[in-house]
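>>> When you get a sec, could you give me coordinates for this:
(chains A and B)
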Amino acid sequence: MKPSNKPPVVTCPTCGAAVPWTVESKWKPFCSERCKMIDLGQWATEKYRVPAEEQEPDDESPQPQ
Amino acid sequence: MNTMSDKPDNAMPDDMNGGYDEDSIQQLEGLEAVRKRPGMYIGDTSDGTGLHHMVFEVLDNAIDEALAGWCDDIKVIIHPDNSISISDNGRGIPVGVKFDDKHEPKRSAAEIVMTVLHAGGKFNQNSYKVSGGLHGVGVSCVNGLSKWLKLIVRRDGKKYAMTFHQGKVVDRPIEIQNGVEVSPMQIVGDAEGRGTEVHFLADEEIFGVGKVEFHFDILAKRIRELSFLNNGVKIELIDHRDGKSENFAHSGGVKGFVEYMSRLKNPLHPKIFSAIGEKDGMTVEVAMQWNDSYTETVQCFTNNIPQRDGGTHLTGLRMAMTRVLNKYIEENEVAKKAKVETTGDDMREGLTCVLSVKVPEPKFSSQTKDKLVSSEVQPVVQEVVGQKLAEFLLENPNDAKLLCAKIVDAARAREAARKAREITRRKGVMDGLGLPGKLADCQEKDPALCEIYLVEGDSAGGSAKQGRDRKFQAILPLKGKILNVERARFDKVIGSQEIATLITALGTSIGKDDYNPDKLRYHRIIIMTDADVDGAHIRTLLLTFFYRQMPELVERGHIYIAQPPLYKVKHGRSERYIKDEHALKEHLMAEAMKDAELTPMDGAMPISGEALEILAREYFLAEAVSERLARLLPDDVLQALMRIPRLSLADSNAAMMAEASLGAALDAQKFEIAAEYISETDTHRLRITRHAHGNAYVNFLEDDLLESGDYNQLVKVGDLLRDLIGLGARAKRGEKEASVQSFREAMDWFLAEVKRGMSIQRYKGLGEMNPAQLWETTMDPKVRRLMKVQIEDAISSDQIFTTLMGDDVEPRRNFIETNALGVRNLDV
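From the prediction side, this is the model:
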């Protein structure tokens, strides 16, 4: 690999380690199986949240036309 | 026996006894038995294990001498003919004649040791308190399996020698002592120092012709082990075949052993735990260090013999470790924060450990000594390790902290893996065919031709199900789950049920053993969400999930984002869907320029048609630039930049002119302009202070903005329009007419006019479209636009997500709104 074509380096979402985006990085974007599984566990237990529009009542669906 | 060939096996042979009589019962004398069945005594003679054991048997005697404290220097030499000599500086095997020997002539003690099975000094505890020996068969076996063996003993200033051939003494000298026939060991000279030297050549008759070939590395590994386990003993391995040699003068004992084992790993904490303790005649030595890997490497030894399968000593160690570490973690509330419970397994991850016990009469589960079963060992190990480990943690809080963090991490990972496994095994996810009940699957079975729409919300999902082409388009409605985090703060998640449904629908499964991207059932996964902030959030969540847990799908280009239109424009009878605001402006402008005329000033020729359209297009481009730059500079300043000639901040002169020029173009009551010089970057800039409502707001006009294409566009439009509009300017469209003061006013009037006859509907959600509209705008492959998600998009999505996950609500909200995923269009 030419030095000018360095693969992109991403950050392991779990531990913050640098992970090159290459075939050798088996668990990318994670640094390890461990970190990947911890992340999957977070999804499985609904730990990952984004802010919702406030007071959005969930059952108010638009009228069908 | 040859008569048996035509008889059944169980038939009586002619002589009724098959030649099986007292003559066929052999009484194998001494070493003959060893030569007959060498494998029983020394291990496999065909694969090299037995051959190397020959060395270890002799070496163990030397080590025993060292353990007893009589020897500290051992040499193992591989000679060019693959004979081996092992010498030590111990007491030397006793050479005197044993007068209680029943053999005639009476033999020397040394000869008995070399020729009689189970003879030696190990069987009473006086000479050797503890002793090793891989198989406990002793050096006589080695003698029996050697083509020749030369024994040299240095003792009491004399050098004694004796030679054997296949276990039998060569040229036995016979003397009469005290009227009894004896065969003493011959003195061959004087000796300096003392010790035993055994030199042997393994017999090719036993090990195979050409098979007597020693491996340096196999010998080195065991010798290294022995030198670590017997602190202070120097063992040198010298290979005369190629001149290679290694001196295993490893000090540091088991601690040094752990250091050696960890040499290629990254230790997690700097200080190795090590302890030595003695109780009830047993000695326990242990060393432990944790590294950042997840595998455990534990080596257990009893009297220098390795136990592959552990045993009571290892059980004692584990119990002590679990108890002490759990107690420490509990007392220091390390696990409380992580909300996990730690187990013994969590403590084993990344552990490198050497446990060595010296026990007087150890019991093993088998001849190979792979497992220690002496029950008295366990409590001793447990007590020694428990006490010393607790002390270590107290005295080394830094190491303890690092170690506990690792253990808690391991517990978290174990817990996460369990949850992750559960996710796909949930009840109620699948229907009879193993697919989620919520999925409206397509008819096509070839994944390359199939698409799946992941649609946010049930109502939009319903429209999509009705509007789709069921031949190749599947629909999976996904609903974000709203959680009330605290009063007036709501969070959205993709429920674990939804994740499970998604994974099942895609067919790839998930987790370390099951995940297989090749099993993907649809080669286009199209995320279709509302074009609002919530929709963007759900999209970010989904993209982040794919990027993290199924990155291959992104890499292979399977993930797309649907682009539903933002506007519907109705003009008379025609209806048009328009993708975004920019396109809406373009459309409105094109419509507005129809039949439009601009008379720039009294008496001037009216501009219309293509000329007016070009002017308008440039103007709208400049408008777009102004909107973009509105974050950096106040609108008044941007408008002023269009009115005045090109500014420069290249040097201090230019900066002063810029200051004057911009100042003149602005209301002096509201704006203060000052040129500044930044010495660090050697650049000039304009400080713009805006006074409003008693407050002062400061912006800077930087040199690099003046070098940008954006500024070029502003100047270009400024030049085009500067002296265009004069007194009496009029805008006219069809029958209508209005007088205008500026080009901007004219454009606003044209747009207002064209909007008058139009209805513009902004779609806030997918649910506002009926199935037919959804199909013809967003799902019909002939007209729809899809954005293919590239890995870079996924990476930036992950970054957005990480910010969103932050605790400060406002920054994360602002972030998502200003960083909506960069969209790359791809018409498919």
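>>> helix, strand or coil for the residue of the stretch 351-500 of chain B found nearest chain A?
Going by CB to the nearest CB, chain A is nearest to B:A416 of the stretch 351-500 of chain B, at 2.3 Å. Backbone N, C-alpha and C define where each C-beta goes, glycine included. Using DSSP: H, G, I helix; E, B strand; the rest coil, the structure places B:A416 in helix.
>>> Hmm, it is touching A:L40, no?
Yes - here B:A416 lies in contact with A:L40, judged by CB atoms under 8 Å, at a distance of 6.4 Å.
>>> can you pull the contacts of the residue nearest to the residue of the stretch 351-500 of chain B closest to chain A when sequence neighbours are not counted?
Nearest residue to B:A416 in three dimensions, chain neighbours excluded: A:G41, at 2.3 Å (CB to CB, 6 or more residues apart in numbering or on different chains). Applying CB atoms under 8 Å, 6 or more residues apart in numbering or on different chains to A:G41 gives the contacts B:R412, B:A413, B:E415, B:A416, B:A417, B:R418, B:K419, B:A420.
>>> Make JSON lines out of those residues and add distance to B:L727 and neighbour count.
Shown next, in JSON lines, are those (distance: CB to CB, whole Å; neighbours: other CB atoms under 10 Å in any protein chain shown):
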{"residue": "B:R412", "distance to B:L727": "77", "neighbour count": "22"}
{"residue": "B:A413", "distance to B:L727": "78", "neighbour count": "24"}
{"residue": "B:E415", "distance to B:L727": "79", "neighbour count": "19"}
{"residue": "B:A416", "distance to B:L727": "75", "neighbour count": "25"}
{"residue": "B:A417", "distance to B:L727": "79", "neighbour count": "20"}
{"residue": "B:R418", "distance to B:L727": "81", "neighbour count": "12"}
{"residue": "B:K419", "distance to B:L727": "76", "neighbour count": "18"}
{"residue": "B:A420", "distance to B:L727": "75", "neighbour count": "25"}
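>>> mind checking pLDDT for B:R744?
With respect to pLDDT, B:R744 scores 86.
>>> Helix or strand for whichever residue of the stretch 151-300 of chain B sits closest to chain A, just tell me which one.
At 6.1 Å from chain A, B:Y294 is the closest residue in the stretch 151-300 of chain B, using CB to the nearest CB. B:Y294 is located outside every helix and strand, with elements delineated by DSSP states H and E.
>>> Could you check how far it is from A:F30?
B:Y294 sits 13 Å away from A:F30, going by CB to CB, to the nearest Å.
>>> Show me which of those two is the more surrounded one.
Neighbours per residue (other CB atoms under 10 Å in any protein chain shown) separate B:Y294 from A:F30, with A:F30 holding more: 26 against 14.
>>> for the more buried one, helix, strand, or coil?
Strictly by three-state DSSP, A:F30 counts as coil.
>>> The nearest residue to it once chain neighbours are set aside - how many residues pack around it?
Nearest non-adjacent residue to A:F30, counting by CB to CB, 6+ apart: A:K36, 4.1 Å away. Using other CB under 10 Å, A:K36 has 28 other residues around it.
>>> Secondary structure element for A:K36, which one?
Assigned by DSSP H and E, A:K36 falls in helix A:33-44.
>>> Equivalent analysis for B:C353, please.
For B:C353, the element it lies in under DSSP H and E is strand B:351-358.
>>> Run the chain-centre distance for that strand.
Here the centre of mass of C-alpha atoms in strand B:351-358, compared against the chain's by CA atoms, centre = their mean, to the nearest Å, lies 27 Å away.
>>> Check stretch B:758-767 too.
On CA atoms, centre = their mean, the centre of stretch B:758-767 falls 48 Å from the chain's centre.
>>> Give the buried residues for it.
By 16 or more other CB atoms under 10 Å in any protein chain shown, the buried positions in stretch B:758-767 come out as B:Y763, B:G765, B:L766, B:G767.
>>> possible to save these as a markdown table with secondary structure, distance to chain A and pLDDT?
Output for the buried residues of stretch B:758-767, formatted as a markdown table (DSSP: H, G, I helix; E, B strand; the rest coil; distance: CB to the nearest CB, whole Å; pLDDT from 0 to 100):
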| residue | secondary structure | distance to chain A | pLDDT |
| --- | --- | --- | --- |
| B:Y763 | coil | 10 | 81 |
| B:G765 | coil | 6 | 77 |
| B:L766 | helix | 9 | 81 |
| B:G767 | helix | 4 | 78 |
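>>> most remote residue from chain B's center?
Ranking residues of chain B by C-alpha distance from their mean position (CA atoms, centre = their mean) puts B:G179 at the top, at 79.1 Å.
>>> tell me the phi and psi of that one?
As for B:G179, its main-chain torsions (degrees, to the nearest 10) stand at phi 80, psi 10.
>>> Wait, B:E456 touches B:L766, no?
Yes - contact criterion CB under 8 Å: B:E456 and B:L766 qualify, at 7.2 Å.
>>> Residues that sit against both of these two, list them.
The contact sets of B:E456 and B:L766 overlap at B:M528, B:T529, B:D530 (CB under 8 Å, 6+ apart).
>>> Run through chain A and note the low-pLDDT ranges.
For chain A, applying pLDDT under 70 flags the ranges A:1-5, A:53-65.
>>> how about 80 then?
By pLDDT under 80, the low-scoring segments of chain A are A:1-7, A:50-65.
>>> residue closest to the middle of it?
Closest to where the C-alpha atoms of chain A average out (CA atoms, centre = their mean) is A:P13, at 6.3 Å.
>>> can you confirm that residue is in a helix?
No - using three-state DSSP, the assignment for A:P13 is coil, not a helix.
>>> For it, give me its contacts.
A:P29, A:F30, A:C35, A:D39, B:R548, B:D798, B:T802 are the contacts of A:P13 under CB under 8 Å, 6+ apart.
>>> Up against chain A, what does the stretch 301-450 of chain B have?
Counting by CB under 8 Å from any CB of the partner chain, the positions of the stretch 301-450 of chain B adjacent to chain A are B:D409, B:R412, B:A413, B:E415, B:A416, B:A417, B:R418, B:K419, B:A420, B:E422, B:I423.
>>> wait, B:I329 sits on B:T342?
Yes - B:I329 lies in contact with B:T342 (CB under 8 Å); the separation is 5.7 Å.
>>> Compare those two (neighbour count), which wins?
For the pair B:I329 and B:T342, the greater number of neighbours falls to B:I329 (26 against 23), based on other CB under 10 Å.
>>> From B:A460, how far out is that one?
From B:I329 over to B:A460 the distance is 49 Å, taken as CB to CB.
>>> B:L520 too?
Counting by CB to CB - B:L520 and B:A460 are separated by 24 Å.
>>> Likewise for B:E613?
Taking CB to CB as the measure, B:E613 falls 38 Å from B:A460.
>>> is it fair to say B:Y619 lies in a strand?
No - using three-state DSSP, the assignment for B:Y619 is helix, not a strand.
>>> more neighbours, B:E613 and B:A460?
Using other CB under 10 Å as the criterion, B:E613 and B:A460 rank with B:A460 on top: 26 against 17.
>>> list the contacts for that one?
The neighbourhood of B:A460, defined by CB under 8 Å, 6+ apart, consists of B:P477, B:M528, B:D530, B:G765, B:L766, B:G767, B:L774.
>>> pLDDT score assigned to it?
86.
>>> Quick check: what element follows the helix or strand hosting it along the chain?
Using DSSP H and E, B:A460 maps to helix B:458-467. Once helix B:458-467 ends, the next helix or strand along the chain (criterion: DSSP H and E) is strand B:473-478.
>>> can I get the CA coordinates of that following strand in CSV?
Extracted in CSV, the C-alpha atoms of strand B:473-478 (Å, rounded to 0.1, in the frame of the first residue of the first chain):
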residue,chain,number,x,y,z
GLN,B,473,-40.7,-4.4,-3.1
ALA,B,474,-41.0,-5.5,0.5
ILE,B,475,-42.2,-3.1,3.2
LEU,B,476,-41.2,-3.1,6.8
PRO,B,477,-42.7,-0.4,9.0
LEU,B,478,-40.5,0.7,11.9
